[in-house]
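Student: With the sequence up front, the predicted model follows.
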Amino acid sequence: MREGGIRMSTTPYMSPMEQQGQQQQGMQGPSTAPPQRQGSQQSGPQQQLQQLGRQQPYQQLLQQLGQENVPQAQAPEISTQAVASGIATAFWDVVQPLPGQASALYLMIDNAWKAFINPSQHTHVAVQEAFAHGQQVIGYYDTTNPSYLVAIVITTK
């Protein structure tokens, strides 16, 4: 650059308030999880685990686990005596998971994201087409572990 010229930066400008907020929140690593809805509150052990996972030492551990190709999500044990269902109002399809993470398809049921771990390619396509054509998508989950789907049913008209 010649002297007296204009210097340009690709670094985004952040006000001091934004910088302070970012320092307080900590830098989060990449994630394929669906966005959290404002106003929907989670409680109990699941929320505590998520909060721990956002802390710096745990972020580093999770990243190291991801580099070792250890799946971070696994299909849960299923209790066939406590299955419930709900109609999905939205979906979040992780078509290419981060290294070391399992493939996942999330359905929004009763204002909460529920994950279907390692769906087949057919399931990815069927859910996308169902939402595109206004078909009803129903997720079935174990009430003792409601964050994970055990089955997905698509109804036709």
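Tutor: Here it is on my side, so go on.
Student: and residue 106, that one's in a helix?
Tutor: No: judged by DSSP: H, G, I helix; E, B strand; the rest coil, residue 106 forms no part of a helix; its state is strand.
Student: Okay, strands next: where are they in this protein?
Tutor: Using DSSP state E, the strands assigned to the chain run over residues 83-94, 104-109, 112-117, 136-142, 149-155.
Student: May I have the strands that pair with the second one, each with its orientation?
Tutor: Pairing partners of strand 104-109, with direction, according to DSSP bridges: strand 83-94 (antiparallel), strand 112-117 (antiparallel).
Student: Any chance of the ones you listed in JSON lines with distance to residue 32 and mean neighbour count as columns?
Tutor: The way it works is simple: take the backbone N, C-alpha and C, and place the C-beta from them, glycine included. Listed next are these as JSON lines, based on distance: least, Cβ to Cβ, whole Å; neighbours: other Cβ atoms under 10 Å:
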{"stretch": "strand 83-94", "distance to residue 32": "4", "mean neighbour count": "16"}
{"stretch": "strand 112-117", "distance to residue 32": "10", "mean neighbour count": "20"}
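Student: any chance of these in JSON lines, with mean pLDDT and distance to residue 134 too?
Tutor: Below are the strands paired with strand 104-109 laid out as JSON lines (pLDDT from 0 to 100; distance: least, Cβ to Cβ, whole Å):
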{"stretch": "strand 83-94", "mean pLDDT": "94", "distance to residue 134": "12"}
{"stretch": "strand 112-117", "mean pLDDT": "95", "distance to residue 134": "21"}
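Student: Thank you, goodbye.
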